[in-house]
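Chemist: dropping the sequence and predicted coords here.
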Amino acid sequence: MAYSKDNSSQNSGTRLRKKETNAGATAASSSFILSSTRGVANPVTDPGILDQQKIFAEALRQTSPIAAHGSRDAGQAATSLGNGTGLPNGLKPITCKQMVTNGKSLKSLIGGVNPCGKTAEVVAVHDYKVLHAGGDAQITNPPLKIAENVGDIRLSPDQASKKDLIFRFRTNDGMLITKQNGQVKTGSGAYISKKLVEMTKSPGYGKIGYVDARFVNEDGTPRIAKDAFTKHQALKLQKAKVRLRGIRELDSRSKQLHEDLQSYTTDELDPVTRSKLMQFREDIARAYQWKGVTTRMAGGMGLAAASAAVVSLITQAASDGEINGAEIGEAAIQGGLFGAGGVLADAGIYHICMTQNIPPESAKIIAQQGVGVGFCLLAIGMDIQSEVEAVQNGEISRADAMAGGSLKIALDLLPLVLSPLGLAGVPILVGAQLGGRWVITKVREADRNIRLEFHKNLEKAESLAIRLDHIDKMADVIRSECEETDRIFEAAMS
């Protein structure tokens, strides 16, 4: 009888061990699905995007006040601004001070009759700052002498200013002296030549024009070409003694800045961040194409099958030391199927989200979380089923099932907690699954041993009780015979 109970206990342990392995394989698969298609934001190295970023940052800086309210810099800057206005009636001193000490909105850089006019001025300011900082601004026909005390370059806040740019020179005592300089022109050769020649005929406008580099020869003369000036236009500019400064790709860079600023008003992203987002979306779309899904399916099957096999192997070794290759193979197959099925489900949910015009990054998150939650629920369901069957078969008590089931549910939810770690969380998850389920197995093994010893001791106690009862009966017989002997002896003596 004792042997029969011990053999039943071993079979029970084998069944429980197999169920522990299956649940562990499910959780391992879930972890891989949550960590798949995880994008990594690579640094932007495109020189064009980096140039856009610097010009964009300059545009944001141009919205800040030119000088602090009440400073002596502000007073001098306001006077210079008033002297340089092109308005017939001029500007009031209070208006000039407000223009100098108040910032401007970002929309002021992309509005107006010529939307790219202000952005072209920003590009010119950026390149001149690079020039004065000792960098290679690639300006065609730059000034022969580069001032070393230029502290700042700003856009004129006066829309009717005779000159577009404001150069601020730092004096020995630290004050910034404001001086206006040049006109920035974009457009066709006919328009630019006409406006620059008219500029020289108006007092205070000067003779410096900042234009796209395609309009300027290396020696500073007007360039004659199909995409530049005609001979007649170039001759008129030379007669007017206009000095041209060529800004590299001024037209295209100003248009790009205009687009960047317009986009920023809606998405609040700078060019580098927007480029990363676009690259990230392209990487996601590539990962969810058929080739990417197939590759991830192979990886999912391999990792999930390996994780399930490891869980099965170590669980068996920790349970009774006996290794069953069939169980390991079954767990690996099940884990591989879960891994492949998870990738397919992930791709299906993603493409459904895309049909609803959901952004790719959001669709990816929805798909991964949906699959991750589904696998965790599957693992929980399997564990609950194994606990119920164990109770029904009399293998464990209800209290034991509730305690062990609660711990298993916590282990099954680990993939959701560890998903931010990506693939790095898989070893942690497998280790936690092994450790937690090994503890459950050992505790239940100890509990079964205690129950087995209890039954053995109970049998011994029952056997002892029978023997004691038999001894009591024998004692009664002996006592009865002794009483009979005493009566015979008394009768003989009397």
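Modeler: Received, thanks.

Chemist: quick check: Ala332 touching Ser307?
Modeler: No. Here Ala332 lies out of contact with Ser307, judged by CB atoms under 8 Å, at a distance of 9.1 Å. C-beta coordinates here come from the backbone N, C-alpha and C atoms, glycine included.

Chemist: domains of this protein?
Modeler: Domain assignment of the chain by automatic domain parsing yields the ranges 2-37+288-449, 47-62+113-277.

Chemist: want to throw these into CSV with mean neighbour count and distance to Gly86?
Modeler: CSV is the format used below for the domains of the chain (neighbours: other CB atoms under 10 Å; distance: least, CB to CB, whole Å):
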stretch, mean neighbour count, distance to Gly86
domain 2-37+288-449, 19, 47
domain 47-62+113-277, 17, 4
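
Chemist: mean pLDDT lowest where, among the ones you listed?
Modeler: In terms of average pLDDT, domain 2-37+288-449 trails the rest of these, at a mean of 74.

Chemist: run through the residues that contact Met175.
Modeler: By CB atoms under 8 Å, 6 or more residues apart in numbering, the residues touching Met175 are 72-73, 76.

Chemist: which one of those residues is nearest to Val371?
Modeler: Closest approach between those and Val371, by CB to CB: Asp73, at 61.0 Å.

Chemist: in what helix or strand does the closest one lie?
Modeler: helix 72-83 (DSSP states H and E).

Chemist: any idea how far that helix is from the chain center?
Modeler: When distances are taken as CA atoms, centre = their mean, to the nearest Å, helix 72-83 is centred 48 Å away from the chain's centroid.

Chemist: helices and strands around that helix, which ones?
Modeler: Using 3 or more CB pairs under 8 Å, 6 or more residues apart in numbering; DSSP states H and E as the contact criterion, the secondary-structure elements in contact with helix 72-83 are helix 93-101, strand 165-170, strand 176-181.

Chemist: let's go with 10 Å and repeat that
Modeler: Helix 72-83 sits against helix 93-101, strand 150-155, strand 165-170, strand 176-181, with contacts defined as 3 or more CB pairs under 10 Å, 6 or more residues apart in numbering; DSSP states H and E.

Chemist: angle of it against strand 150-155?
Modeler: Interaxial angle of helix 72-83 relative to strand 150-155 (axes from the mean of the first three to the mean of the last three CA atoms, to 10 degrees): 40 degrees.

Chemist: tell me the mean pLDDT over helix 72-83?
Modeler: Regarding helix 72-83, the rounded mean pLDDT is 92.

Chemist: next, the buried residues of that helix.
Modeler: 73-74, 76-78, 80-82 (16 or more other CB atoms under 10 Å).

Chemist: ok, and what's touching it?
Modeler: Outside of helix 72-83, the residues within contact range by CB atoms under 10 Å, 6 or more residues apart in numbering are 65-68, 71, 90-101, 151-152, 154, 156-158, 161-162, 166, 168, 170, 173-180, 204.

Chemist: how does it look with 8 Å?
Modeler: Defining contact as CB under 8 Å, 6+ apart, one finds that helix 72-83 is touched by 66-68, 90-91, 93, 96-97, 99-101, 156-158, 161, 166, 168, 175-180.

Chemist: could you measure from Asn181 over to Glu121?
Modeler: Taken as CB to CB, to the nearest Å, the spacing of Asn181 relative to Glu121 amounts to 12 Å.

Chemist: same question but for Met402, I mixed them up
Modeler: Counting by CB to CB, the gap from Met402 to Glu121 is 74 Å.

Chemist: so which residues of this protein form strands?
Modeler: Secondary structure of the chain (DSSP state E): strands located at 150-155, 165-170, 176-181, 183-184, 208-212, 243-247.

Chemist: partner strands of the fourth one, parallel or antiparallel?
Modeler: Okay, so that is strand 183-184. The sheet places strand 183-184 alongside strand 208-212 (parallel), with pairing taken from DSSP bridges.

Chemist: quick one: neighbours of Thr485, just the number.
Modeler: Thr485 is surrounded by 10 other residues when neighbours are defined as other CB atoms under 10 Å.

Chemist: need phi/psi at Leu144.
Modeler: phi -70, psi -30 (degrees, to the nearest 10).

Chemist: could you measure it against Gly220, distance?
Modeler: As judged by CB to CB, Leu144 and Gly220 stand 10 Å apart.

Chemist: what do you get for Gly204?
Modeler: The value you get for Gly204 to Gly220, if CB to CB is used, is 23 Å.

Chemist: now swap in Gly404 and tell me
Modeler: To Gly220, Gly404 is 87 Å away according to CB to CB.

Chemist: wait, Ile409 touches Met382, no?
Modeler: No. Contact status for Ile409 versus Met382: not in contact, 11.0 Å apart, counting by CB under 8 Å.

Chemist: before we move on, back to that, closest one to Val388 among the strands of the chain?
Modeler: Comparing these against Val388 with CB to CB, the closest turns out to be strand 150-155 (75.1 Å).

Chemist: so the closest one versus helix 93-101, what angle?
Modeler: Angle of strand 150-155 versus helix 93-101, following the same axes, to 10 degrees, is 110 degrees.

Chemist: what touches both of Asn181 and Glu121?
Modeler: Residues touching both Asn181 and Glu121 comprise Leu165, with contact defined as CB under 8 Å, 6+ apart.

Chemist: OK, contacts around Gln52?
Modeler: By CB under 8 Å, 6+ apart, the contact list for Gln52 reads 253, 256-257, 260, 271-272.

Chemist: just put the buried residues of helix 72-83 in TSV and tack on distance to Ala317.
Modeler: TSV is the format used below for the buried residues of helix 72-83 (distance: CB to CB, whole Å):
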residue	distance to Ala317
Asp73	79
Ala74	80
Gln76	84
Ala77	81
Ala78	84
Ser80	85
Leu81	84
Gly82	89
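
Chemist: of those, just say which sits nearest to Ile49.
Modeler: For the buried residues of helix 72-83, the closest approach to Ile49 (CB to CB) belongs to Ala77, at 34.1 Å.

Chemist: give me the nearest residue to the closest one, chain neighbours excluded.
Modeler: Distance criterion CB to CB, 6 or more residues apart in numbering; nearest residue to Ala77, sequence neighbours excluded, is Thr178 at 4.1 Å.

Chemist: quick check: bridge partners of the one you found?
Modeler: Those that pair with Thr178 in a beta bridge, by DSSP bridges, are Arg168.

Chemist: touching, it and Arg170? I think so.
Modeler: No. Look at Thr178 against Arg170 with CB under 8 Å: they stay out of range, at 11.2 Å.

Chemist: tell me the spacing between the nearest residue to His132 once chain neighbours are set aside and Asp447.
Modeler: What sits nearest to His132 in space, not counting adjacent residues and going by CB to CB, 6+ apart, is Val150, at 4.6 Å. Counting by CB to CB, the gap from Val150 to Asp447 is 84 Å.

Chemist: in JSON lines: the strands of the chain, plus distance to Gln279.
Modeler: Shown next, in JSON lines, are the strands of the chain (distance: least, CB to CB, whole Å):
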{"stretch": "strand 150-155", "distance to Gln279": "32"}
{"stretch": "strand 165-170", "distance to Gln279": "35"}
{"stretch": "strand 176-181", "distance to Gln279": "40"}
{"stretch": "strand 183-184", "distance to Gln279": "33"}
{"stretch": "strand 208-212", "distance to Gln279": "30"}
{"stretch": "strand 243-247", "distance to Gln279": "29"}
